[in-house]
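Trainee: got a structure for you, letters missing:
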C-alpha cells in the first residue's frame, strides 16, 4: 500500500509487540494496515464508533460486547499496541513453547483466551458473571423466537450448571470448570493471514 | 464360569445356525435335483409331479403342495438376512470377544464357517456376493445413512482436508500401487503374468478405496476424537466415489487398448473424472432439495412421509448411476443436504422412524456384506495364488497409505489452524481398511479383457481380510498404546452450548475487525445466506420459527430433568404431586428429608432456587392473594367433586371402548368420530392450560417450595404439550395420544381446576405478557367448555403454534409424560373418593392429598 507502512520499522514499538504477542512482522504489518483503515481520523487511536465501519459487525449479535472488549475500563480509545494485544488472544496456541514459570502467560494461551471470553460477559468487570450479564448476552444471541420468560429460565439454568458456590453468579474459576471439556484452543483461534 | 457360559452359548448358536444353513442348502440342492429330474422324466414319480405341478396326469386335487421353486429366491434372501442377523446377535452377545476383535472381523469369520458348510454340502459355491446385489441393494442404504447422520458442521469445517485426502490421496494410492506392481512385474518378481501397465493401474484404482463400511465399523468402537473421526469417515465416504470413478476411467482405457490411448484420451479421462464426481454430487444435492421440499407438504400423509426419504434417496443413487455419474457421491450429498430440513419439517415421530429404519437397513446390509465377504472366500475357483503379486500388493497398500497420509498431512498442516498430530496421522494411515467396495469392483472386472481376473479377486480378498481382521484387531491396542486423544464423553450442558455459540460469533467478529476473510467469515456468510433463502424455501414456516439451537438444548435438558423427576415420583408410588399443589408441598417436604442423599443434584437445584426466588424478583405476587387462592380452592373442593361426577356422567361418550381397537392402515388413532375427537381435544387443551395457569399461580408465591424442576413441569411442560396437541390435531385425528386415561380424565381435570381459574381472574399477578395470548381465548370459551365451536378452537390453536417447540432428538418424551401425568391424576381422585384401600396404600408414602393448605405455608413464611 502506501509508502508509510511498507516496513515494520515505521510502526512504533513493532519489535516489542512482535516479541510480546508472537505475531510475525508480516502479521504486524497487515494488522497495522487494517488499523489505519479503521482509523478514519488518522490520530493513531480507535474509538468505538470507528469499529462501526466494519459493516458485518452490525449484524453480529454480540458485536457490541466484542467492541467493548477492546477498550479497557474508563478508556475511550485504543491504540495500535493494545489493538494487537487484544487480537493476539486469537492466535493459535503455540505447541512447542517452553513454559518457564517466571514469564507471563502469553496472550494466546488457553487460560488467557478463556479470560477474554469471560470478560465478554463480565461487562462491569467485577470478576463475576451475574444473571443480568448472562441474560444480556443470551438476549442478543437468541433473538426474537424466544420469549423473555424462556430467556430467563435459560439464564437461570446456565448459571445453576456452572455455579458451584451458590452465589447466583459465575466466577472465573467456575467458568473455567464448566468449559473444561471444550477445546478452547480450537474454538478460540483464527488464522491470521500473512 | 460366566465366560464358559458365553462360550457355550456361542457354540450353541453356531451349531444351530450351521444346522439351519446346511438344512436349507440341502433342501435347496435336493429340490434342485429333483426338480431337474422331474423335468427330464415327467412321468417318473407321482410325488414329484404333484409337488411341482409339472405332471401331465392329474390324479386329484392336492390338499397341500410343496412349491419350493415358487418361493425360492425371496425365501433364500429372507433366510440369508435372518442368518446374518442371527450371526450378529450371537457375536454381539459375547462382549469379551467383541471388545478384543472387532465385530466386522468376527462376521467375516462367521462367513468363513458358513461358506465352509455350504461348500461341504454343495461342492460348489452357490452363494456369492455379486456386484449387482452389492451396488444396488446393499451399498446405497449404508451410504445414505452415513450421509444422513453426518455431522455437517464438523464435516464442512474439515472439508478441505477431507477432499485432499479423498481425491489426491486416492489417486496417489492408485497410481503408486499400479506403477510399483508393474515395476516389480518388469523386474520379474511375479513370474509369468499376462498383465500390462493399464491393467495394473486398473487394479491399483480398485484397491485404492478406503472402505467406509469397514472403517466405521472399527472406528466406532474405539471412540477417537472427533476431528480424527471425521477425517477418516469423510475421506472413506468420498474416496469410494472417487475410486469408482477412477475405476471406470481405467476400465474404459483398458477396453480402448493401450495403443489407442493418446494425450486427448487422457485429457478426456481427467475431465470425465471431475464431471462424474461433481455431477454426482450435484445430482445428490438436487435430490436432497427435492426431499426437503416434499416433506414441507406431507402433513396429511404422515404415515408414509418417512418413505419419501428412502425412495428419493435411492432414486438419487439410481439417477446418478443412470447418468453414469458417481452414485455414491450422489447419495452422500443427498443425505447431507436434506438432513437439516427434513428433521425440522417432518413430524417428530417420522424423524424417529427415518432414523431407526435407516439404521436398521444400514446395519443389516453391513452385516450381510461382511458375512458374504467371508462366504465368498470358500470357493476353489477364484483362488489363484501368486506369492509375489499378493505379498507385494499387501506391502505396497500399507506403505503407500502411510506415505500418502504423511505427505498430504504435512502439506495440510501448513494451512490448518490446528495441525493434525503425528499420532493421529499414524492412526489415519493404519485405519486405511479395504472392504467390500474393492471386492465388488474386482468381481466386476471383465474376464475377457483381463485374463488374471481371478488373481485380482483373490488378492483383493486377501487384502480385505488382512486389513479388516488384522488391522482391525490391532487398532484398539494401538489407539491405547499411542494415547490417541479420545472423544470427550460428557454430559450435555447448557452453558457449554451457549459458550459454543458465543465463540462462533466472537471469531466472526474478530475476523471482521482484523480484516481477514477466513474460515469463520465464510461460514458466517453461508449461514446468513442459508437463513435468508434456503430455510425460507425448504422449511415449513412453523418449523422455521423454533429452531434456535440453544433453546433446543435447554428444552431437551429440561425434559430430561422432568423425566427423571417423574421416574422418581413413580418410584415413590404416586405422582399426585404433579397435579396437586398442596400435595406437592408435603411431598416435597418428605422428599427433602428422605431423598436428599439419593438425589443430591436435584436437591442442590432446590436449595439453589431458594435463594433465587425468595428475593421476589420474578414473581411479584402478593402473598395475601395466595392465601385467598388456597382458601377458595379448599372451599370449592367438595362441590367440585360432586360437579365433576355429575358432569362426567352427562357428557362422557358412551361405548368409546368399541372404537378403540379398530385397525387403520393410515392412521395411528382410529377414533373416527369428529365430534368426539374435537371434544377430547378441547378438554385436554383446557386441562393443560388450566394446570399450566394454576401452576403459575400456585407455584409462584410459594417461595420456599418453588423449585427448578417443578417449574419445568408446570410451566414449560404444559406449554410444550398443549402445543404438541394442537399441532397434531390440525392434521386430522391420527393422534394416538388421545388415549384412555387422557380422554377420560380430561374433562374431570378441567372441572377440578375451575376454582383456580376463578382466582386467576380475580387478578393475581401474571407478569409475563408472553403467556397472555394463550390465556385470552380461554376466557371466551370457559363457560361452556365442552360445547366450544370450531372457530374458538382455532383461536386456541393459533397462539400456541406460534410458540411451538420442537425437539428432534427426544420425540417420545413429551408423550411419555402426558399419559403418566393424567392417569396419575385420575387414579388419585377416583380412588380417593371410592376406595379407601387405595388411600391406605397411598398414605404409607404420602400424607392425605388434600391437607389443610394454610399450615404448611405458615411454616415457611
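Mentor: The structure has been received and is ready for your questions. None of the values given here were measured: they were computed from a predicted structure.

Trainee: Three-state assignment for residue A:182, please.
Mentor: Here residue A:182 is coil, with the state taken from DSSP: H, G, I helix; E, B strand; the rest coil.

Trainee: can you tell me the closest non-neighbouring residue to it?
Mentor: residue B:496 (6.1 Å; Cβ to Cβ, 6 or more residues apart in numbering or on different chains). Every residue, glycine included, has its C-beta placed from N, CA and C.

Trainee: with residue B:495 instead?
Mentor: For residue B:495, the spatially nearest residue (Cβ to Cβ, 6+ apart) is residue A:158, at 4.5 Å.

Trainee: which residues touch the one you found?
Mentor: By Cβ atoms under 8 Å, 6 or more residues apart in numbering or on different chains, the contact set of residue A:158 is A:134, A:138, B:494-495, B:498.

Trainee: go again with 7 Å.
Mentor: Contact partners of residue A:158, counting by Cβ atoms under 7 Å, 6 or more residues apart in numbering or on different chains, are A:134, B:494-495, B:498.

Trainee: quick check: next helix or strand after the helix or strand containing residue B:507?
Mentor: Per DSSP states H and E, residue B:507 falls inside helix B:494-513. Once helix B:494-513 ends, the next helix or strand along the chain (criterion: DSSP H and E) is helix B:519-529.

Trainee: farthest-apart pair in the contacts of residue A:158, please.
Mentor: Pairwise distances across the contacts of residue A:158 (Cβ to Cβ) peak at 10.8 Å, for the pair A:134 and B:494.

Trainee: what's around residue 134, how many residues?
Mentor: Since no chain was named, I'll use chain A. Neighbours of residue A:134 under the rule other Cβ atoms under 10 Å in any protein chain shown: 23.

Trainee: correction: the question concerned chain B.
Mentor: Residue B:134 sits with 22 neighbouring residues when counted by other Cβ under 10 Å.

Trainee: which ones are touching residue B:147?
Mentor: Residue B:147 is in contact with B:331-336, counting by Cβ under 7 Å, 6+ apart.

Trainee: ugh, wrong one, I meant residue B:315
Mentor: By Cβ under 7 Å, 6+ apart, the contact set of residue B:315 is residue B:287.

Trainee: same check, this time on residue B:466
Mentor: Contacts of residue B:466 (Cβ under 7 Å, 6+ apart): residue B:394.

Trainee: for residue A:174, same thing?
Mentor: So residue A:174 contacts A:162-164 (Cβ under 7 Å, 6+ apart).

Trainee: same check on residue B:393?
Mentor: Taking Cβ under 7 Å, 6+ apart as the criterion, residue B:393 is in contact with B:181, B:459, B:463.

Trainee: roughly how far does the first one sit from chain A?
Mentor: Relative to chain A, residue B:181 is positioned 39 Å away (criterion: Cβ to the nearest Cβ, to the nearest Å).

Trainee: surely that residue is in contact with residue B:392?
Mentor: Yes - in terms of Cβ atoms under 7 Å, residue B:181 counts as a neighbour of residue B:392; the distance is 6.3 Å.
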